[in-house]
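Asker: quick check, what structure comes out for this input:
(2 chains)
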Amino acid sequence: MSCEREELLSRYIDGDVTAQEASDIRRHLSACRECQAAYHEIQQREKSLKDVLQPVIESMHLRDVVMRRITAEGLRPEPAAAAGQVVAGMASRFLAHAVAFILVVACGLIFYMNVPREMPDRKMLDMIVVMGLGDQSTYGRKVLARGNTCYGQPGEGMPVRGRMAIFVNGQRAEPIIIDGSATISLREAGIDWISGAAVIETPAAPEFTLTVGEDRLSMTEATLDMNGSPATYSVQLRRGRAIRFRGGVSEPLPLVRPIAPRLPGTTVLATESASPTLSASPTLQEPVSAVETPVVASPTESLPDAFHPSEPKPVSEQASPAEVPKPVISPFSGRPVTKLEGE
Amino acid sequence: MGNDQRSDAEVVSAVLEGDTDQFGIMVERYERLMYSYLLSQVRSLPEAEDIAQEAFIKAFRHLSSFDASRRFSAWLLRIARNVMIDRFRKQRNDTPVATVPEECIARMNSPLPRNDPAVHAEMHEEFRRTFRDILDLPEDLRTPLMMRILQELPYEEIAEILDLPLQTVKNRIFKARQALRGKRDAEHVM
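Answerer: Numbering: from 1, shown residues only, chains lettered A, B, ... in the order given. Predicted coordinates for the structure are as follows:
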């Protein structure tokens, strides 16, 4: 195809041609196989892009998220800076700066003295917030009683113990729940896993990313058991969906699927480890088939209303209650696990 | 784009008069444009979501400074670009490979009915190759092409948003398509 025609074809696809040009290109397309092929190839390629991206964009519910945040934070359009310009025009530059300085200090003082302590802290809406969900959860050196919060320290490896909610996007989205004993580093869009053993529960939206060394685990509405350090870690997906990205290749993590129960009223879980270094994983010591006691945990449980503007998610599908003769606490999940009879 | 026939200036005016809910119309109108820009710039889908959200919030807060004689789209994307630059400045570049195409496929997998897995897989493969090829293009080619494909913006509007002469936009979209074809042809030869 000549360059001139190719350029015309590009504009024809976008509807940027005169009637004469459109007629010419149509005539040419009916006679030239090469141009026909190019035309269809471009259309097919661009359609594939739209067919995937449009539903993905819709799935992000940006309008709802933005409007909810505007309401939750009580945002209003800021007035145009007209008054300041008038002052600057009337007074000398020095005077204007002095007035502005005094105003800022005065406003700050008034604000500080009058803001009721229970008023939502604007900073907390924009920062990573950690909230204790257990009696004595700890984040770094901070002990968090149930419902107590502190700011997360992004980029710093911090030991965490107990059960806590982490709002990686400030308080504008559902939190991630972490339960166990681990060292993690918080980021704005996710968490870096450093070491330890913990159960991580993620909300339906937004998508959550756990970085483990070079790997990235992207998950929605998932419950993961994490164990180990990036060099030798194991991960088990108990609920939801998770995809591991490694060197540009994606691989869905296998779900620990329920298989036919061996005992009445019990659910047997076939544990499929997705660990890249299975031999180093303590989870291998767990039974291949095990009875799981019910684990009832919602990502939004026990949270004050202000922290979950949307409806609480239903409790995930979990194993049904089982008779557990000798409960053993799993070093992996920190939850009771009992071997089946005959195992 | 929704059924609201009012102009951007009219909707913005309603928001500034106190009807803040109307801002949702602007988000709906321009979310695709926002993502057509961001998805070709960032390395992950959550990053694009974060920046898009932040850009709309900033636009809302500074709505009074929007000049109604200009295009809202151009003003909005300038804000998005600034948010993105700020973000990249703060963050260390710890994601070596852009994973947006794979993340998009993962995100859309479940809601679609899978009546024909073969067609489904073929569509995904075509999408993955196309998107990867677009991401390999130089930024000055991929941005106008993405705006054209996703939002179907006329050349004139793309030119105004990107602050480029009209003819330059036409040339860049044509060159982007030409480069994509060239790449595909080269793959066939191999």
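
Asker: quick one: secondary structure of the closest residue to A:Val17 other than its chain neighbours?
Answerer: With CB to CB, 6 or more residues apart in numbering or on different chains as the criterion, A:Val17 has its nearest non-adjacent residue at 5.2 Å, and that residue is A:Arg11. C-beta here means a position set from N, CA and C on the backbone, and glycine is covered the same way. Secondary structure assignment for A:Arg11 (DSSP: H, G, I helix; E, B strand; the rest coil): helix.

Asker: residues touching A:Arg11, list them.
Answerer: Applying CB atoms under 8 Å, 6 or more residues apart in numbering or on different chains, we find A:Arg11 in contact with A:Val17, A:Glu21, B:Lys170, B:Phe174.

Asker: check which element follows the helix or strand containing B:Asp50 along the chain.
Answerer: Element membership for B:Asp50, per DSSP states H and E: helix B:45-61. Downstream of helix B:45-61, the next assigned helix or strand under DSSP H and E is helix B:72-90.

Asker: report the central residue of chain B.
Answerer: A centroid search over chain B (CA atoms, centre = their mean) returns B:Ser36, at 1.4 Å, as the residue closest to the centre.

Asker: residues touching the residue lying closest to it once chain neighbours are set aside, list them.
Answerer: Once flanking residues are discounted, B:Ser36 sits nearest to B:Leu150: 3.6 Å by CB to CB, 6+ apart. Residues in contact with B:Leu150 (CB under 8 Å, 6+ apart) are A:Leu49, A:Lys50, A:Leu53, A:Gln54, B:Arg32, B:Leu33, B:Tyr35, B:Ser36.

Asker: element containing the last one?
Answerer: The one in question is B:Ser36. Using DSSP H and E, B:Ser36 sits in helix B:23-38.

Asker: now that helix: buried residues?
Answerer: Of the residues in helix B:23-38, B:23-27, B:29-38 count as buried by neighbour count, 16 or more other CB atoms under 10 Å in any protein chain shown.

Asker: ok, and what's touching that helix?
Answerer: By CB under 8 Å, 6+ apart, helix B:23-38 touches A:53-54, A:57, A:60, A:62-63, A:66-67, A:70, B:1-2, B:4, B:6, B:8, B:11-12, B:15, B:48, B:51-52, B:55-56, B:59-60, B:63, B:72-73, B:76-77, B:80-81, B:84, B:143, B:146-147, B:149-151, B:153.

Asker: swap in 7 Å and give it another go.
Answerer: Where contact means CB atoms under 7 Å, 6 or more residues apart in numbering or on different chains, the residues beyond helix B:23-38 that reach it are A:57, A:62-63, A:66-67, A:70, B:1-2, B:4, B:8, B:11, B:15, B:48, B:51-52, B:55-56, B:60, B:72-73, B:76-77, B:80, B:143, B:146-147, B:150-151.

Asker: and for stretch B:121-131?
Answerer: Contact with stretch B:121-131 is made by A:Gln44, A:Arg45, A:Ser48, A:Leu49, A:Asp51, A:Val52, B:Pro101, B:Ile105, as judged by CB under 7 Å, 6+ apart.

Asker: what confidence value was assigned to residue 30?
Answerer: Defaulting to chain A. Confidence at A:Ser30, expressed as pLDDT, is 92.

Asker: actually, chain B is the one I wanted.
Answerer: Note for B:Tyr30: predicted pLDDT of 95.

Asker: got any ranges where chain B has weak pLDDT?
Answerer: Applying pLDDT under 70 to chain B flags residues B:1-2, B:90-98, B:109-115, B:188-190.

Asker: rerun at 50
Answerer: Where chain B drops to pLDDT under 50, the residues are B:1, B:96, B:111.

Asker: one more: chain A?
Answerer: Using pLDDT under 50, chain A drops low at A:82-92, A:115-126, A:171, A:260-343.
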